[in-house]
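My questions are about this predicted structure, shown below with the sequence.
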Amino acid sequence: MEVMDLFDSEVKNDTIGRIKNLTPGSRPLWGKMNVQQMLKHMQYPLLVPYGRHVPEGSFLIRLIGPMMKSILYNEKPYKQGLPTDKTYIVADEKEFDYERSQLIGLIKEFTPAGIKKEVHPIFGKMTKEQWSKASWKHLDHHLRQFGV
């Protein structure tokens with residue numbers, strides 16, 4: 001799988017187009033989240049490089065995270081059912097149109113100049129390119145989860 005650069009305008013537009021193909025009735029091919037929860041869930045990792053969300057991670061994950069960092073942005077797709085940081089879990093119901101517009105807004109504002117953090121709270125030092133690829137890879141994983 002080729003990991004794309006979310007800073008690239010064509011990649012942004014393609015990703016936003018995929019999000020616009022979702023409907024309130026979209027069902028997951030795997031996993032427990034409904035589409036509204038997934039739209040909210042995808043916002044959290046986009047907020048991390050801006051310092052607007054801080055994942056907690058378990059002690060073990062924080063300890064080994066820097067050694068596993070490349071999983072975030074390498075060419076291997078994420079496995080289905082990977083553990084999710086508890087701060088990324090969305091258990092309550094969300095409003096589809098609102099969450100979709102919030103997510104699209106975050107993707108549009110995602111630029112190298114906007115990245116404020118050089119250190120991921122769990123995975124350690126990250127370049128802007130790594131932030132970009134990791135962000136796209138997470139979005140792609142969940143958009144494939146919902147068949148778009």
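Yep, it's here.

now Gly31, nearest residue through space, not along the chain?
Gln145 (5.8 Å; CB to CB, 6 or more residues apart in numbering). Any C-beta I mention is one placed from the backbone N, CA and C, and that applies to glycine too.

now the helices: where do they sit in this structure?
9-20, 35-41, 43-47, 59-68, 96-109, 128-145 (DSSP state H).

Could you give me the buried positions within the last one?
Burial within helix 128-145, assessed by neighbour count using 16 or more other CB atoms under 10 Å, is assigned to 128, 130-145.

cool, and the shortest one?
Neighbour-count burial for helix 43-47 flags Gln43, Tyr44, Pro45, Leu46 (criterion: 16+ other CB under 10 Å).

Pull out the CA atoms of it and give them to me as CSV.
Provided in CSV are the C-alpha atoms of helix 43-47 (Å, rounded to 0.1, in the frame of the first residue of the first chain):
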residue,chain,number,x,y,z
GLN,A,43,-10.6,13.9,14.3
TYR,A,44,-8.5,13.2,17.4
PRO,A,45,-5.2,12.1,15.7
LEU,A,46,-5.4,15.2,13.5
LEU,A,47,-5.5,17.4,16.6
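
Do me a favour and average the pLDDT over that helix.
Here helix 43-47 scores 96 as its mean pLDDT.

From the contact counts, what lies against it?
Under the contact criterion of 3 or more CB pairs under 8 Å, 6 or more residues apart in numbering; DSSP states H and E, helix 43-47 touches helix 96-109, helix 128-145.

now these as CSV including distance to Ser70 and mean pLDDT?
Shown next, in CSV, are those (distance: least, CB to CB, whole Å; pLDDT from 0 to 100):
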stretch, distance to Ser70, mean pLDDT
helix 96-109, 23, 98
helix 128-145, 9, 97
